[in-house]
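A.B. asks: Here is the input, now give the coordinates:
(chains A and B)
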Amino acid sequence: MSLFDWFANRQKSSPAPQAQPERDIADGLWTKCESCGALTYTKDLQTNLMVCLECDHHMRVFSDERIHQLIDDGTWSGLDEDLVACDPLKFKDRKAYCERLQDYQEKTGLRDAVQTGTGLIEGLPLALGVMDFRFMGGSMGSVVGEKLTRLIEKGTQERCPVIIVCASGGARMQEGMLSLMQMAKTSAALERHRAHNFLYIPILTHPTTGGVTASFAMLGDMILAEPRATIGFAGRRVVEQTLREKLPDDFQTAEYLLDHGFVDAIVPRPQLKATLARLIRIHQPLPKVSDMPTSQINPAAEHVSP
Amino acid sequence: MNDSKRKLQLLDFEKPLAELESRIEQIRTLAENNDVDVSDQIHQLEARATQLRQEIFSSLTPMQELQLARHPRRPSTLDYIQAITDEWMELHGDRQGTDDPAVVGGVGKLAGQPVLILGHQKGRDTKDNVARNFGMASPGGYRKALRLMEHANRFNLPILTFIDTPAAWAGLEAEQYGQGEAIARNLREMFQFDVPIVCTVIGEGGSGGALGIGVGDRLMMFEHSIYSVAPPEACAAILWRDAQKGPKAADALKITAKDLLSLGLMDTILPEPMGGAHSNPIEAAQTLKQSLLSALDELWRLSGQERRDLRYDKFRRMGIFTQIAA
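C.D. replies: Numbering: from 1, shown residues only, chains lettered A, B, ... in the order given. The predicted structure is shown next:
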């Protein structure tokens, strides 16, 4: 029985959905908005790209869904999916890092915290990286750094725009200084991409903090953010502790960064794909004058009678 | 400095050594007062003290290395600049409204060679530390550093950076003025300079705050300095949910010069005088000067483009992962 059939049957026989919300939430049929508490059919919510129909709250979306939302159907081609972390420090806190990795791999079906690949967006080619917050808080270790660097290098080779959807708590502590150096590595690749005047747009989603903010998230030619996303360098609690005073409510939100000049625009998720395509089109290099037929250089010429 | 002040700055693991030394001193005074010859015994005890010192300093735990790296008497950026340059002039300001005292920079000459030197500056005492914000730079500090590095690149001055910070400043204004953006921009721009860049961790290398002036052709660390992705205490609070587990975190994070050399993240370890750089700052400064000069000597043989390409390759290789069969 397909989910749709099951749903249809259920509607015939069962009482009103609100009567048993807990079970249905568990089934994934209904989703409760963590901001306003409204219950929405998950399907309707997905059609609205996981933005609450009642209060516009942007719920988290993970990498597969984000790719589906942004990339034209059937054009996605994943890169470097065979890279995996290998616990170089033999790190163990309350749990061994290698076990932690295995758990997250099983839980998410991902190998690490970013998916990268190429595809089309409204027919325009681009290199896209999507961080996945489910996998160890989207933290950046060697694999995330390497995959993003290769993605940016691919963008440079293919002369196409690079887009990175950021969602990360920062550098992955379990790989120590190897993680910190990924900030420099990704920035180096962006420097080369930029030197060719190719376009790079990071999209800051909830949350984008720490070493990711202090590297590729802030290096965009243009920087877009999702409404109400938390974006900052130091964690809010850290700042509160150092200052011992209450911070403004909107501190480190996308809106706060917009006010202070660090993002170009806040784009609601349903408009994100069209906005990206529009920006890419505006920045596409014009064909060289010598490549154009005469009529295009001076359209008026066509109307001049001999 | 008087005795009580000295003792305050003794680290836990130095105490057996300090006790032995004060006993030697007592015996010497006693012998002098009573006119007894104990030079043999004193000689033996002194040899014992030297041996003990060597034993202690050759088997420090990462947490002890961290204590040495943070030692209040450890030479700072300005101390080294004063000791190694023929002449130097500090330059101020980010040209955007601030002059961050936690970052100092300026132009001068090193063994006759014009250079730009910049680094984090911790305070020499409590008052100075408050003024310097304990060496924790604000966005304006990173922007001042960038402005000076761009200057150096235009005038073909090699860039020497000294890293010594607990972390980038985590305050309301730092966030408001774009701490993340300021560091990120430095990371990117440091890859496009043609001039040689040599970065040396002289004390504490505190995460992104350190890396913000830490992209170079040669990366060097003093023997008892540390470089960490996050302060071990903060890491312990997050991963162990217990800030007291700092020593455990320091161990696990691999923050010592030796560890980072073996991970391929550092090029050179600068040996320190027995007892740490603060026990003989002049000797430490000489080591630094010689290492900087030999690094510059190698780097000047390359073209600007070669340096940039090699700098890229150097950081491009950083990271350890595996590739599995698809």
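
A.B. asks: how far away is the closest residue in space to residue B:190 that isn't next to it in sequence from residue B:150?
C.D. replies: Across the structure, with CB to CB, 6 or more residues apart in numbering or on different chains as the measure, the residue nearest residue B:190 apart from its sequence neighbours is residue B:215 (3.7 Å). Yep, even glycine has a C-beta here, placed from its N, CA and C like the rest. When CB to CB, to the nearest Å is applied, the distance between residue B:215 and residue B:150 equals 14 Å.

A.B. asks: what ranges do the strands span in the stretch 1-150 of chain A?
C.D. replies: Using DSSP state E, counting those that start in this stretch, the strands of the stretch 1-150 of chain A run over A:30-32, A:39-41, A:77-79, A:83-85, A:114-121, A:124-131.

A.B. asks: Quick check: residue B:199 touching residue B:163?
C.D. replies: Yes: contact between residue B:199 and residue B:163 holds when scored by CB atoms under 8 Å: they sit 6.3 Å apart.

A.B. asks: Need the residues touching each of those two.
C.D. replies: Residues touching both residue B:199 and residue B:163 by CB atoms under 8 Å, 6 or more residues apart in numbering or on different chains: B:213, B:214.

A.B. asks: Contact distance from chain B - what residues of the stretch 201-306 of chain A qualify?
C.D. replies: Listed as neighbours of chain B in the stretch 201-306 of chain A under the rule CB under 8 Å from any CB of the partner chain: A:210-211, A:213-219, A:232-235, A:238-239, A:242-243, A:247, A:251-252, A:260-262.

A.B. asks: Enumerate every residue touching residue A:192.
C.D. replies: Counting by CB under 8 Å, 6+ apart, the residues that residue A:192 touches are A:152, A:153, A:156, B:191, B:312.

A.B. asks: looking at the strands of the stretch 1-150 of chain A, which is closest to residue B:264?
C.D. replies: Ranking the strands of the stretch 1-150 of chain A by distance to residue B:264, with CB to CB as the measure, places strand A:83-85 first at 16.6 Å.

A.B. asks: before we move on, back to that, between residue B:215 and residue B:150, tell me which one has more neighbours.
C.D. replies: Taking other CB atoms under 10 Å in any protein chain shown, residue B:215 and residue B:150 do not tie; residue B:215 has more neighbours (27 against 13).

A.B. asks: Backbone torsions only: list them for the more buried one.
C.D. replies: Recorded main-chain torsions at residue B:215 are phi -100, psi 120, according to degrees, to the nearest 10.

A.B. asks: what does the model give it for pLDDT?
C.D. replies: Reported pLDDT at residue B:215 in the predicted model: 98.

A.B. asks: Now do it against residue B:139, distance only.
C.D. replies: Going from residue B:215 to residue B:139 by CB to CB gives 17 Å.

A.B. asks: between the strands of the stretch 1-150 of chain A, which one is nearest to chain B?
C.D. replies: strand A:83-85 (5.4 Å; CB to the nearest CB).

A.B. asks: How many residues are close by residue 173?
C.D. replies: Answering for chain A, as no chain was given. 28.

A.B. asks: wrong chain, I was asking about chain B
C.D. replies: 13.

A.B. asks: Looking at chain B, which strand is longest?
C.D. replies: Taking residue count as the measure and DSSP state E as the definition, the longest strand of chain B comes out as strand B:197-206.

A.B. asks: partners of that one in the sheet?
C.D. replies: strand B:159-165 (parallel), strand B:218-222 (parallel), strand B:226-228 (parallel) (DSSP bridges).

A.B. asks: now those as JSON lines including mean neighbour count?
C.D. replies: Below are the strands paired with strand B:197-206 laid out as JSON lines (neighbours: other CB atoms under 10 Å in any protein chain shown):
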{"stretch": "strand B:159-165", "mean neighbour count": "28"}
{"stretch": "strand B:218-222", "mean neighbour count": "25"}
{"stretch": "strand B:226-228", "mean neighbour count": "29"}
